[in-house]
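Student: Next come a sequence and a model predicted from it.
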Amino acid sequence: MNFSLRSKLFLLVGCAISLAAVPIILFSRASLLESAMQRERESFVNTVMLVEDSLSVRYLHLLTSEVESVLESKRNLRQYGAMIRDMLLSEHEEEVLQSLAQWRKVLVSGGVYLAFYDKEGNEVLAGDIAKLIMEEGRQDFKGQSIHSMLEHRESLSDGQFAMVRLPGPGDQEVPVLVCFMPVKGLGTLLLSDPVADTEQSRKLLERRMVLGIQERLDSLELSRGASISIISSDGRVLAGKGMSMSLASIPEEVLARVRKGAALEGDTEGAEEPVLYRLAYFKAMDWYVGAFIPLEAITGPAEALARHLFGVAAGLLVLSLLVMLVLTMRIIAPLRLLTRRAGEIAREDFSSERGVGFSEDIVEGLPVERTDEVGQLAGAFAHMVKALDENIHRLVDTLAVRQRMQGELNAARDIQMGILPPPDGAPKSLGYSAAAFLEPAKEVGGDLYDFFTVPDGRQAVVIGDVSDKGVSAALFMSMTVTLVRYALAEGLSCSEAMLRINERLAENNPSCMFVTLFIGLFDPASGRLDYASGAHCPPFVVNPDPSVPVRMLTETSGPLVGAMQGMDYEACSAELAPGEYCLLYTDGVSEAMNEKLELFGEERIAATLETLRSASPDEVLHGVLAAVKAHRGTAAQSDDITMLCFRRSAE
């Protein structure tokens, strides 16, 4: 999808504002949520602790009232017991039972029950209450056996007390305070006082405690939507402020942990109306103190602020885009003009008669006077158009000159190739066949080859490689070919011809050019090859029989040809068996390099010839050329490639 520059600028501004605003809004929202949650948690902690302290104070007051009530009952029973004991000790033994009966009537009217047991623990005066108290196995609140308290202990002159529970109306049990008062020499008094009135007082105090807590809760300032409740263990809400909440939504494992004494906080996020809560347990009354607030009441202000910020950001985005619209109109108009003028350049023929003046029409009207980037671009474009106009006209002139030079080089190539015989133009001779190949690295190369018949009937084979490339090498090569032909036509031997050619080339050679040269005279009838090699690549001789190894003619006659006068060249000779062929080549074959700068080398030439033992001379040349190109790969040809192959017939 292609976007215009204006669209990209709009998109850039939109993305920039969004990338700047969205993280800030999201961070603000998260920060507000976190601070709101933290504030509510701190408020919950303070509120719950305040309620717990209030409960503790009121419960302490309740305990104090109960303790005072029990102590009052103890004082009364101790006084009654002491009075009866003193009376019994002052009377005759036969009057004891009568006095006890009278005291019993008096005390019953006050809710106190009296019984008497002799020194052996036998019942002397008792009623139903005493029998219940003295039932076998009865224990007090501390787990002490009641029967053990009947033992006559004169040291406990103030009496011994115990609290027991006796069956009451229905299934209820009534707490009873019991006093055992020893009477010296007679037995033990048992006085009991039911403390049911204390239980009633406790319930009354509990109601007062709830009312007091409710007054305290009503005075608290809670957050919007928050509530606090005092909840009994059976789920009843005893007191509270705000919307009443139940413990049904609180997981049981949380309640269990709270009952162990740890105040916990959490939330019911999975519920239909999730709330944040804090729970504490008041063990003395088996009550829960819970503070609750819906999560929506906490997150609502933060969400509202986030929506407000998003609205502000959207407004800023629209305003920014409007400003960008005005700015881009001022920027885009010159750019569109530059685009149109660039299109005119693409359609213009700079080689036409209009000449350099066309560039003035292209740059006319461009905002080059502006000092901003658009003006700089327009100025650079105008300069480019003028420079392009001038450079193209120079290029046209240069191309014309180059085309003339190319034509001359092509003509020189044609002349050069005309000097050499055609690749398949070897002389037809009985028992002899030959072929040649030349591929210059440039338009005009420096390699040479030749084959012709000398006056004595032998076949001349010549190959050489001039030290340079281009036109100078081609001229040097042409001179060498001509000298070789004249020397051999005069009947000179290969070494004599090499000596004469060296002298002629070295006479006038200011560029110090030279040629590696191989001259051979082959007699097809005898297979004898007389040759001279002036530092040229050693030829290969290949027999069609695979058992006969490929060999090289490594003997050299002398140094490079044409570099220096006065050089001697020795005559060399070899013999080709029937069916054998000889491959002559230049270093463009052996020194061909691939991308890794690895040379093709003489070993690869020999390996290639192993696969071409029975091939014709032309097939040998094409096979070696294919191997060289495969080795070279994508690397460029760096030197001329020249080969000449001749074979002695098998017949």
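Tutor: That came in fine, so what should we check first?
Student: Report the next helix or strand after the longest helix seen in the chain in sequence order.
Tutor: Scanning the chain for the longest helix, with DSSP state H as the assignment, gives helix 5-90. Going down the chain from helix 5-90, the next helix or strand is helix 96-108, by DSSP states H and E.
Student: circling back: and the longest helix of the chain, how far from the chain's centre?
Tutor: 47 Å (C-alpha atoms, centre = their mean, to the nearest Å).
Student: Next: stretch 250-263.
Tutor: 43 Å.
Student: Only alpha carbons, please: show that stretch as CSV.
Tutor: These are the backbone C-alpha positions of stretch 250-263, laid out as CSV (Å, rounded to 0.1, in the frame of the first residue of the first chain):
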residue,chain,number,x,y,z
ILE,A,250,-16.3,-14.6,51.7
PRO,A,251,-14.5,-17.9,51.1
GLU,A,252,-14.6,-20.3,54.1
GLU,A,253,-10.9,-20.6,54.2
VAL,A,254,-10.6,-16.9,54.7
LEU,A,255,-13.1,-17.0,57.6
ALA,A,256,-11.1,-19.9,59.1
ARG,A,257,-7.9,-17.9,59.0
VAL,A,258,-9.6,-14.8,60.5
ARG,A,259,-10.9,-16.9,63.4
LYS,A,260,-7.3,-17.9,64.2
GLY,A,261,-6.6,-14.2,65.0
ALA,A,262,-5.3,-12.7,61.7
ALA,A,263,-7.1,-9.7,60.3
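Student: now the angle from the biggest strand by length in the chain to helix 96-108?
Tutor: For the chain, the strand with the greatest residue count under DSSP state E is strand 173-183. Orientation of strand 173-183 against helix 96-108 (axes from the mean of the first three to the mean of the last three C-alpha atoms, to 10 degrees) gives an angle of 140 degrees.
Student: CA atoms only: put strand 173-183 into PDB for me.
Tutor: C-alpha atoms of strand 173-183 as PDB (Å, rounded to 0.1, in the frame of the first residue of the first chain):
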ATOM      1  CA  GLU A 173     -28.300 -24.900  81.900                       C
ATOM      2  CA  VAL A 174     -28.200 -22.500  84.800                       C
ATOM      3  CA  PRO A 175     -24.900 -21.500  86.300                       C
ATOM      4  CA  VAL A 176     -24.900 -21.900  90.100                       C
ATOM      5  CA  LEU A 177     -22.300 -20.400  92.600                       C
ATOM      6  CA  VAL A 178     -21.600 -22.900  95.400                       C
ATOM      7  CA  CYS A 179     -19.900 -22.200  98.700                       C
ATOM      8  CA  PHE A 180     -18.500 -25.000 101.000                       C
ATOM      9  CA  MET A 181     -18.100 -23.600 104.500                       C
ATOM     10  CA  PRO A 182     -16.500 -26.000 107.000                       C
ATOM     11  CA  VAL A 183     -18.000 -26.000 110.600                       C
END
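Student: quick revisit: how much does the longest helix of the chain deviate in direction from helix 96-108?
Tutor: Using the same axes, to 10 degrees: helix 5-90 against helix 96-108 is 150 degrees.
Student: residues in contact with residue 561?
Tutor: Contacts for residue 561 (C-beta atoms under 8 Å, 6 or more residues apart in numbering) come out as 464, 480, 498, 501, 502, 505, 514, 515, 516, 517, 534, 535. All C-beta atoms are positioned from the backbone trio N, CA, C, and that covers glycine.
Student: what's around residue 392, how many residues?
Tutor: If you count neighbours by other C-beta atoms under 10 Å, residue 392 ends up with 15.
Student: And the helix or strand where it lies, how far out from the chain middle?
Tutor: Taking DSSP H and E as the criterion, residue 392 maps to helix 373-419. Remark: helix 373-419 is offset 52 Å from the chain centroid, using C-alpha atoms, centre = their mean.
Student: circling back: give the pairing partners of the longest strand of the chain; include direction for each.
Tutor: strand 160-167 (antiparallel), strand 187-194 (antiparallel) (DSSP bridges).
Student: could you give me the average pLDDT of stretch 501-518?
Tutor: Averaging pLDDT along stretch 501-518 yields 92.
Student: same thing with stretch 150-164?
Tutor: 70.
Student: And for stretch 57-75?
Tutor: For stretch 57-75, the per-residue pLDDT averages 77.
Student: Stretch 543-553 now?
Tutor: Stretch 543-553 shows a mean pLDDT of 96.
Student: For that stretch, output the C-alpha coordinates as CSV.
Tutor: Provided in CSV are the C-alpha atoms of stretch 543-553 (Å, rounded to 0.1, in the frame of the first residue of the first chain):
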residue,chain,number,x,y,z
ASN,A,543,47.8,-41.4,-26.8
PRO,A,544,44.4,-43.0,-27.5
ASP,A,545,45.5,-46.0,-25.4
PRO,A,546,44.5,-45.3,-21.7
SER,A,547,47.5,-47.3,-20.5
VAL,A,548,49.9,-44.7,-22.0
PRO,A,549,50.1,-41.7,-19.7
VAL,A,550,49.6,-38.2,-20.9
ARG,A,551,53.0,-36.5,-21.4
MET,A,552,54.4,-33.0,-21.7
LEU,A,553,57.1,-31.6,-24.0
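Student: who touches it?
Tutor: Contact with stretch 543-553 is made by 531, 533, 538-542, 572, 574, 577, 579-580, 582, 602, 606, 609-610, 613-614, 650, as judged by C-beta under 8 Å, 6+ apart.
Student: in stretch 519-534, what's buried?
Tutor: Residues 519, 520, 521, 522, 523, 524, 529, 530, 531, 532, 533, 534 are the ones in stretch 519-534 that count as buried (16 or more other C-beta atoms under 10 Å).
Student: The third one: what secondary structure?
Tutor: So that's residue 521. strand (DSSP: H, G, I helix; E, B strand; the rest coil).
Student: got a winner among the contacts of residue 561 for most neighbours?
Tutor: Of the contacts of residue 561, with other C-beta under 10 Å as the count, residue 517 tops at 30 neighbours.
Student: secondary structure element for that residue?
Tutor: For residue 517, the host element (DSSP H and E) is strand 515-523.
Student: just residue 293 next, same as before
Tutor: strand 287-294.
Student: can you give me the angle that strand makes with helix 5-90?
Tutor: Using the same axes, to 10 degrees: strand 287-294 against helix 5-90 is 170 degrees.
Student: chain center to strand 287-294, what's the gap?
Tutor: 46 Å.
Student: now for the next helix or strand after that strand, which elements pack on it?
Tutor: As assigned by DSSP H and E, the chain's next helix or strand after strand 287-294 is helix 295-347. Applying 3 or more C-beta pairs under 8 Å, 6 or more residues apart in numbering; DSSP states H and E, one finds that helix 295-347 contacts helix 5-90, strand 275-282, helix 358-363, helix 373-419.
Student: and if we set it to 6 Å?
Tutor: Applying 3 or more C-beta pairs under 6 Å, 6 or more residues apart in numbering; DSSP states H and E, one finds that helix 295-347 contacts helix 5-90.
Student: Can you name every helix or strand that the helix it packs on contacts?
Tutor: Secondary-structure packing of helix 5-90 (3+ C-beta pairs under 6 Å, 6+ apart): helix 96-108, strand 173-183, strand 187-194, helix 196-218, strand 275-282, strand 287-294, helix 295-347.
Student: List the contacts of the first one.
Tutor: Among residues not part of helix 96-108, those counted as contacts by C-beta atoms under 6 Å, 6 or more residues apart in numbering are 84, 87, 88, 91, 114, 116, 125.
Student: ranking these by neighbours, who comes first?
Tutor: Within those, most neighbours by other C-beta under 10 Å means residue 116, with 26 neighbours.
Student: ok, that residue - contacts?
Tutor: 100, 124, 125, 187, 189.
Student: How about residue 190?
Tutor: Applying C-beta under 6 Å, 6+ apart, the residues contacting residue 190 are 115, 130.
Student: State the pLDDT value of it.
Tutor: 85.
Student: and it, what are its bridge partners?
Tutor: residue 115, residue 180.
Student: Could you measure from it over to residue 135?
Tutor: 13 Å (C-beta to C-beta, to the nearest Å).
Student: Sketch out the low-pLDDT regions of the stretch 401-550 of the chain for me.
Tutor: Where the stretch 401-550 of the chain drops to pLDDT under 70, the residues are 407-412, 415, 443.
Student: in it, which spans are strands?
Tutor: Assigned strands in the stretch 401-550 of the chain, in chain order: 432-439, 447-453, 459-466, 515-523, 528-534, 540-542 (criterion: DSSP state E, counting those that start in this stretch).
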